[in-house]
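Colleague: Provided below for reference: sequence and predicted model.
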There are 2 protein chains.
Amino acid sequence: MSAQQNASTSSEALPSKAGIVVFPGFEPLDAFGPIEALYTLSNEFKLDLYVIAATLDPVYTGLNDPQLNKAGSHFGVNIVPTHTHETVPDDLEVLLVPGGAGAAAPTVAPTVEFIKKVYPKLRYLITVCNGAAVAAAAGVLDGKRATTNKSYWTMLTSLSPNVKWVPTARYVVDGNCWTSGGVSAGIDVTLGWISKLYGEERARTVANIMEYEWRHDPNWDTFAYVFGVASA
Amino acid sequence: MSAQQNASTSSEALPSKAGIVVFPGFEPLDAFGPIEALYTLSNEFKLDLYVIAATLDPVYTGLNDPQLNKAGSHFGVNIVPTHTHETVPDDLEVLLVPGGAGAAAPTVAPTVEFIKKVYPKLRYLITVCNGAAVAAAAGVLDGKRATTNKSYWTMLTSLSPNVKWVPTARYVVDGNCWTSGGVSAGIDVTLGWISKLYGEERARTVANIMEYEWRHDPNWDTFAYVFGVASA
């Protein structure tokens, strides 16, 4: 019996096409936490990754923003997109949206437009950190429960008052929108998503291979307390 | 008073040049967990990143290995090196070595040679997962205490009998070699390294911004028990 047949899912076919949309100044772990979990899964279940950006030019994780980068460091990595906003396949099923300093920069505008355009065709949207603010700017979280990072909570949530922001949550699921807290929380939301579609045992196996302490209670959120937003 | 002046370090200057050596089939989170922590640090402390590979061609995280990739997925990301093994600056101070399926493939050989060549000039070597096996193959861990991932413990450690392998450890420090357990443990070893050089408060701040549950006890290791190597 193949691993596919073991998955405790509904009769609906498992997704095989996942994308991540990147933009200058995306947060490295926002992207590569979920990518690690899905890569591990993809050894057992057919899943292809589409790396999507405005153009096919490499996309840098850093931003030359002296406000943020006070030390004048050059610390980032260029990753290579496989598809543009225009060439991504029509049947993309899952879209990951990372956050990062670049999610708050004007250069994120084409990403917002892309999410607006592609969301109606998606089966699942997963956001990490202030990737939720990018999705919210596209209007796709209006009226939905969602969360984002806790260190910039007040600023981020005030930008999108039509979203029902949940302050104490590692991640939140509303309909097909899976939104998570800051940075590392992207790993938990992805494991939660794997658990829902492929079964808890599979998600546990992925977490163990990653030697990651999976928080599979979406309401666990130490960082809401660290940053004083738990009662917001 | 600048953040630099607050660092609780010895009188020795803080490092400003860190590199990561990559090879085909490196594990995404092995690289981008430490990169995230150091990127966050680099906003306050001058630290540049060198992405090092055999050539300047993009390096793919996946491997086309049907033994590993049972589902025939195409799930990986290409990252762009900034330097080759030959062009990396002579005064590189810190080297990160990720693991992954590619760390066990013949294509890792030039990386082993590079580590052998560069190690004597380094101030710090940090390995993640079976990146320790790559460093061990270069001989730089001989006679030292070290750890690696727990899911392939017996196979990995038997390859390098001259290393004093520590089975129950999130990470191990021996001299200037910082080795960690599997995948996510790379975040903890990097936070531990930040704590040592920049002070525990700075490491805690970085962990909080990452919304990461930092395990700052290097002896904590649930996964040694999960994979039954705790008594090895």
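Modeller: Now that the structure is in, tell me what you want to look at. Numbering: from 1, shown residues only, chains lettered A, B, ... in the order given.
Colleague: where does chain A have its least confident helix or strand?
Modeller: Averaged element by element with mean pLDDT, DSSP states H and E, chain A has its least confident helix or strand at helix A:3-6 (a mean of 46).
Colleague: for the helix or strand following that one, packing partners?
Modeller: Moving toward the C-terminus from helix A:3-6, the next helix or strand (DSSP states H and E) is strand A:17-21. Here strand A:17-21 touches helix A:28-42, strand A:48-53, strand A:94-97, helix A:109-118, going by 3 or more CB pairs under 8 Å, 6 or more residues apart in numbering or on different chains; DSSP states H and E. Heads up, the C-betas are built off the backbone N, CA and C, glycines and all.
Colleague: contact partners of strand A:17-21?
Modeller: Contacting residues not belonging to strand A:17-21 are listed as A:31, A:34-35, A:38, A:47-53, A:83, A:85, A:88-89, A:91-98, A:111, A:114-115, B:75 [CB atoms under 8 Å, 6 or more residues apart in numbering or on different chains].
Colleague: what stretches of chain A score poorly on pLDDT?
Modeller: Along chain A, segments meeting pLDDT under 70 span A:1-11, A:232.
Colleague: spatially central residue for it, please.
Modeller: With the centre of chain A defined as its mean C-alpha position, the nearest residue by CA atoms, centre = their mean is residue A:127, 3.0 Å away.
Colleague: quick one: the strands in chain A?
Modeller: Secondary structure of chain A (DSSP state E): strands at A:17-21, A:48-53, A:59-60, A:78-80, A:83-84, A:94-97, A:124-127, A:145-146, A:164-165, A:171-174, A:177-180.
Colleague: mind putting those into a markdown table with distance to residue A:219?
Modeller: Formatted as a markdown table, the entries for those read as follows, by distance: least, CB to CB, whole Å:
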| stretch | distance to residue A:219 |
| --- | --- |
| strand A:17-21 | 26 |
| strand A:48-53 | 30 |
| strand A:59-60 | 34 |
| strand A:78-80 | 33 |
| strand A:83-84 | 36 |
| strand A:94-97 | 22 |
| strand A:124-127 | 18 |
| strand A:145-146 | 12 |
| strand A:164-165 | 15 |
| strand A:171-174 | 9 |
| strand A:177-180 | 13 |
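Colleague: of all these, which one comes closest to residue A:231?
Modeller: The minimum distance between residue A:231 and the strands of chain A falls on strand A:164-165, with 13.1 Å, by CB to CB.
Colleague: now the closest one, how far from the centre of its chain.
Modeller: For strand A:164-165, the distance from its own C-alpha centre to the chain's C-alpha centre is 17 Å (CA atoms, centre = their mean, to the nearest Å).
Colleague: is it positioned near chain B?
Modeller: No - in terms of CB under 8 Å from any CB of the partner chain, no part of strand A:164-165 sits within range of chain B; the closest distance is 16.0 Å.
Colleague: list the contacts of that strand.
Modeller: With contact meaning CB under 8 Å, 6+ apart, strand A:164-165 is reached by A:143-148, A:157, A:174, A:232.
Colleague: quick one: buried ones out of the residues you listed?
Modeller: A residue is treated as buried here by neighbour count (16 or more other CB atoms under 10 Å in any protein chain shown); on that basis the buried members of the contacts of strand A:164-165 are A:144-148, A:157.
Colleague: about what we covered before: CSV please, covering the helices and strands packed on strand A:17-21 and showing mean neighbour count and distance to chain B.
Modeller: As requested, these are arranged in CSV below (neighbours: other CB atoms under 10 Å in any protein chain shown; distance: least, CB to the nearest CB, whole Å):
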stretch, mean neighbour count, distance to chain B
helix A:28-42, 28, 4
strand A:48-53, 22, 4
strand A:94-97, 28, 12
helix A:109-118, 18, 17
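Colleague: so how far is residue A:164 from residue A:78?
Modeller: Computed as CB to CB, to the nearest Å, the residue A:78 to residue A:164 distance reads 37 Å.
Colleague: out of those two, which sits in the busier spot?
Modeller: Between residue A:78 and residue A:164, counting by other CB atoms under 10 Å in any protein chain shown, residue A:78 is the more crowded of the two (17 against 14).
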